[in-house]
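Trainee: what shape does this take:
(one chain, ligands or ions: 1)
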Amino acid sequence: MKFPPFELERIQSLYENSVEVNLTESGVEPLSLKELMNAEELEELINIPIGYGYTQGSPLLRQRISNLYKEYDEKNVLVTSGSSEAIFLSACLTVSQGDRVVMMTPNYLSFNGIAEALGAKVDYVPLVKKEKWGWELDLLSQVVTDKTKVISICNPNNPTGSILSEEEMKEIIEIADKVGAYILSDEIYIGAELSNLGTISFQHIYEKTIITSGLSKSYSHPGLRIGWIAADESVVTKAWEIKDYTTVASSHLSQHIASKVLEPETITRLRKRTKDLLNRNLVTFTKWVLPYSNHLSFIKPEAGGFVFVEYDMDINSTDLIHDLRTNEGVFIVPGDSFGMDKFVRIGLGSKEEEFTKGLVLLSKGLSRIFPDIFT
Ligand SMILES: Cc1ncc(COP(=O)(O)O)c(C=O)c1O
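Mentor: As a prediction, this is how the structure comes out:
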């Protein structure tokens with residue numbers, strides 16, 4: 001198997017821990033155990049023997065995850081090591097040599113790389129920036145054929161922050177259903193909506209859906225490395241058999257903490273925290289960008305921890321972000337990591353002081369590189 005480089009993960013891994021202000025994060029400022037748990041719960045945690053636990057995920061955790069979906073119970077859930085593993089397992093069980101798969105772009109470019117390594121041909125269908133980011137459904141219906149095994153979607157989308165409408169979802173399902181394709185729906189940003197408008201899970205409306213999600217984004221706990229597959233029981237069973245070869249089990253301690261994260265009261269608390277923080281930083285960002293709006297433009301995200309900003313200056317996005325990183329110490333994601341030069345992704349999920357400091361450094365860098373445009 002030959003994997004193409006995963007540029008987004010690589011560039012973040014190389015620099016995110018050594019910069020002054022990291023605005024590449026796509027989730028929300030993580031919590032400490034002390035902020036999550038009370039003294040009694042912490043005491044309980046330190047007394048847990050560090051065994052393997054349930055390799056498919058503890059019954060309590062799977063039950064709490066299944067509560068997020070209308071018709072699922074714990075048999076419909078496999079706990080994974082991050083949603084990255086969930087994507088990996090889902091690809092392994094749905095894609096074979098010679099298949100075709102469709103990938104929504106821009107996107108977290110993981111599934112496509114794995115599908116390529118498995119010998120499939122990937123058809124990319126773009127979201128297009130108009131008044132709102134909209135998926136090219138005419139193109140989707142043209143590229144989907146009997147050979148198409150999977151349509152891979154990220155909803156809410158990273159990096160655009162857009163949410164599919166119910167009408168768009170129905171059209172996508174019609175196209176998938178005609179050829180019996182799976183919809184692989186990365187729903188890790190459900191719960192990070194900026195308004196009261198929620199996101200509909202594909203699980204609620206299409207039987208051949210495989211959901212991948214986890215606690216890294218809307219629920220602010222990336223370090224737990226807890227993700228999941230939620231799907232038909234037969235899919236979960238097959239994915240579990242492949243997990244025997246990847247990580248065997250997800251961390252027993254993390255699963256215990258994750259069960260706490262997914263207690264109903266904690267879910268409510270974390271979702272509110274996520275929404276408040278993202279909205280506050282979005283207001284700050286909107287004010288910051290206003291004087292630059294002849295050169296920087298963005299569509300207000302509906303969900304997710306970022307803004308995807310288009311620029312018109314004559315510079316490649318990777319060159320731009322490395323210049324800003326090395327000279328000002330502020331780190332943002334180049335559009336190149338999503339196959340879209342002339343864009344950058346700026347994370348909204350940092351603490352407000354950190355976010356504001358990052359914007360000040362961005363201003364400083366932009367006026368140094370483009371003194372005629374940014375004063
Ligand atoms: C859309 C999307 N899906 C999946 C992942 C993987 O997350 P994790 O493995 O931490 O659950 C990410 C991480 O950035 C993401 O943005």
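Trainee: check the protein for the residue nearest the ligand and tell me.
Mentor: Residue nearest to the ligand within the chain (CB to the nearest ligand atom): Gly82, separated by 2.8 Å. No exception for glycine: its C-beta is placed from N, CA and C like everyone else's.
Trainee: wait, isn't that residue in contact with Gly214?
Mentor: Yes - between Gly82 and Gly214 there is a contact under CB atoms under 8 Å: 5.9 Å.
Trainee: common neighbours of those two, please.
Mentor: Counting by CB atoms under 8 Å, 6 or more residues apart in numbering, the common neighbours of Gly82 and Gly214 are 226-227.
Trainee: can you name every helix or strand that the helix or strand where Arg269 lies contacts?
Mentor: Per DSSP states H and E, Arg269 falls inside helix 264-289. If contacts are counted by 3 or more CB pairs under 8 Å, 6 or more residues apart in numbering; DSSP states H and E, helix 264-289 sits against helix 252-261, strand 306-311, helix 352-369.
Trainee: swap the cut-off to 7 Å and go again
Mentor: helix 352-369 (3 or more CB pairs under 7 Å, 6 or more residues apart in numbering; DSSP states H and E).
Trainee: distance check, the residue of the chain closest to the ligand against Leu89.
Mentor: 11 Å (CB to CB, to the nearest Å).
Trainee: try Ile205
Mentor: 23 Å.
Trainee: who has more neighbours, these two?
Mentor: Leu89 (28 against 15; other CB atoms under 10 Å).
Trainee: is it true that that one touches Lys243?
Mentor: Yes - between Leu89 and Lys243 there is a contact under CB atoms under 7 Å: 6.0 Å.
Trainee: the closest residue to Leu278 other than its chain neighbours: neighbour count?
Mentor: Nearest non-adjacent residue to Leu278, counting by CB to CB, 6 or more residues apart in numbering: Leu348, 5.1 Å away. Leu348 is flanked by 27 other residues according to other CB under 10 Å.
Trainee: touching, Leu348 and Ala303? I think so.
Mentor: No - here Leu348 does not reach Ala303: they are 10.8 Å apart, not a contact under CB under 7 Å.
Trainee: which positions in this protein make contact with the ligand?
Mentor: 26, 82-84, 108, 154, 158, 186, 188, 214, 216, 222, 227 (CB under 6 Å from any ligand atom).
Trainee: let's have the residues you listed in a markdown table, adding distance to Glu263, pLDDT and neighbour count.
Mentor: Output for these, formatted as a markdown table (distance: CB to CB, whole Å; pLDDT from 0 to 100; neighbours: other CB atoms under 10 Å):
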| residue | distance to Glu263 | pLDDT | neighbour count |
| --- | --- | --- | --- |
| Ser26 | 25 | 95 | 23 |
| Gly82 | 21 | 98 | 22 |
| Ser83 | 20 | 98 | 26 |
| Ser84 | 25 | 98 | 19 |
| Tyr108 | 27 | 97 | 23 |
| Cys154 | 27 | 98 | 28 |
| Asn158 | 26 | 98 | 28 |
| Asp186 | 24 | 98 | 27 |
| Ile188 | 19 | 98 | 29 |
| Gly214 | 17 | 98 | 29 |
| Ser216 | 18 | 98 | 23 |
| Pro222 | 19 | 97 | 17 |
| Gly227 | 18 | 98 | 25 |
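Trainee: understood, closing this out.
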